[in-house]
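Colleague: predicted model and sequence follow; I will ask about them next.
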Amino acid sequence: MTHMLAIGTQKGLFLASSDDRRSWRVSSAHFPGHAIYSVAFDTRGPAPRVLVGVDSSHFGPSVVISDDLGATWQEPDEAPLAFPGDIGAAVERVWQITPAGPIEPSVVYAGTQPSALWRSRDGGRTYELVRGLWEHPHRPEWGAGFGGQAVHTVLPHPADPDRVLVAMSTGGVYRTTDGGESWAPANRGIKAYFLPDPWPEFGQCVHKVARDAADPDCYYAQNHHGVYRTTDGGDSWESIAADLPSDFGFPIVAHPARGGTIWNFPLVSDGDRRPVDLLCRVFRSDDAGTTWRPQQKGLPDGPYYPVVLRDALCTDDGDQAGVYFGTRAGDVFASADEGESWSAVAAHLPDVLCVRAAGA
């Protein structure tokens, strides 16, 4: 099997391939000079499809497609994500691209800035606005995080196409059970210390949410201070940060096949955005967040300052999962053994915004 890693940066997309997940061949930049905030591998068809959210400072955001792993690209003639004329808004950035489950083989979701959810029914070529979320009465009160106001997490239920969970910064977690017609906040137990009421119904600055592989009603969230777990689909959340050196960070990812295994990259705090103890370490839990241990074999020794953004940590779909992350210093690392040891994929790339992996 050839392993593929897509690296979205502030100045283009780099595609890396490997036969053993230890030595890598890295392409030159695709879409040079454009920021790549979102990438997805859609492996539901006969060949992997790569979908890329390209952010052009001249022409605005778009989604481009490759069905041959980047040898050629299909660029739309018109903006694939555009608000209807009666809304009077413009898409500023595509923050997330997520293929739906196998029961909807042609459906792809996208999350954007401003906070909106979009659905494609033709494999990611064209998109329609999910009006139920856009017209939610809470929307006027959703604020902007440091990176803007955006839907950055989209998690379609693997077995029920009517159920989708999204997260936004700021606003928190919302979910639908009727295919997007209506949405309800799902933030009970997630703290927003920066608000007058630190336990609001909505308004949390959730940075990322991941779903457990074994239990579709179990999710893990990295908040703006706070790491949480829910086992009831979002009805209530509990902290799982007690054994971490810090509860601040951006990414959280779950094992693709084994329940209870998750990875996190802690930073000191929102006011001191550096790795804890200035060490480049990924933290792993095998008991759904009860305990955590650092994984740093093969990673740079300290002092190490760069951070990992919310979509710059990922796993592949192997039974023994590969784990990957990129930093704002342009360093990219891979592990073929679930984080036990690491090797370098690339160095000195532009600011890494997202990474995604798949087998081909």
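Modeller: It's in. Numbering: from 1, shown residues only.
Colleague: name the residue most distant from the centre of the chain?
Modeller: Relative to the centre of the chain, the most outlying C-alpha is that of D86, 30.2 Å out, by CA atoms, centre = their mean.
Colleague: ok, that one to L195 distance?
Modeller: Applying CB to CB, to the nearest Å, the value for D86 to L195 is 32 Å. For every residue, glycine as well, the C-beta is placed using N, CA and C.
Colleague: picking up where we left off before, mind listing what the residue farthest from the centre of the chain touches?
Modeller: Contact analysis of D86 by CB atoms under 8 Å, 6 or more residues apart in numbering lists nothing.
Colleague: list the buried residues of stretch 125-139.
Modeller: T126, Y127, L129, V130, G132, L133, W134, H136, H138, R139 (16 or more other CB atoms under 10 Å).
Colleague: and if you look at stretch 152-163?
Modeller: Buried residues in stretch 152-163 (16+ other CB under 10 Å): H152, T153, V154, L155, P156, H157, R163.
Colleague: can you give me the strands for the stretch 251-360 of the chain?
Modeller: 262-269, 272-275, 282-285, 293-295, 313-315, 323-326, 332-335, 343-346, 352-359 (DSSP state E, counting those that start in this stretch).
Colleague: out of these, nearest to E75?
Modeller: For E75, the closest of the strands of the stretch 251-360 of the chain is strand 352-359, at 19.4 Å, according to CB to CB.
Colleague: still on that earlier bit, nearest to A16 among the buried residues of stretch 125-139?
Modeller: Set against A16, the nearest of those by CB to CB is Y127 (27.9 Å).
Colleague: per-residue pLDDT, the closest residue in space to that closest one that isn't next to it in sequence?
Modeller: Take Y127 and drop its neighbours on the chain: the residue closest to it by CB to CB, 6 or more residues apart in numbering is W118, 4.0 Å away. We note a pLDDT of 98 for W118 in this prediction.
Colleague: wait, W118 sits on R131?
Modeller: No - W118 is beyond contact range of R131, at 10.5 Å (criterion: CB atoms under 8 Å).
Colleague: number of nearby residues for the closest residue in space to V94 that isn't next to it in sequence?
Modeller: Once flanking residues are discounted, V94 sits nearest to G53: 3.2 Å by CB to CB, 6+ apart. A count of nearby residues for G53, using other CB atoms under 10 Å, gives 29.
Colleague: repeat that for F250.
Modeller: F250 has 23 neighbouring residues, counting by other CB under 10 Å.
Colleague: thinking F250 is in contact with F325, fair?
Modeller: No - the pair F250 / F325 is not scored as a contact, 10.7 Å apart, by CB under 8 Å.
Colleague: identify the contacts common to the two.
Modeller: Here F250 and F325 share the contacting residues F265, V308, A312, scored by CB under 8 Å, 6+ apart.
Colleague: OK, contacts around G171?
Modeller: S115, H138, W142, G143, Q149, F202, G203, Q204, V206.
Colleague: from those, which shows the smallest pLDDT?
Modeller: pLDDT is lowest at G143 among the contacts of G171; the value there is 91.
Colleague: which SS class is it?
Modeller: The three-state label for G143, taken from DSSP: H, G, I helix; E, B strand; the rest coil, comes out as coil.
Colleague: cool, H58 as well?
Modeller: With three-state DSSP as the basis, H58 sits in coil.
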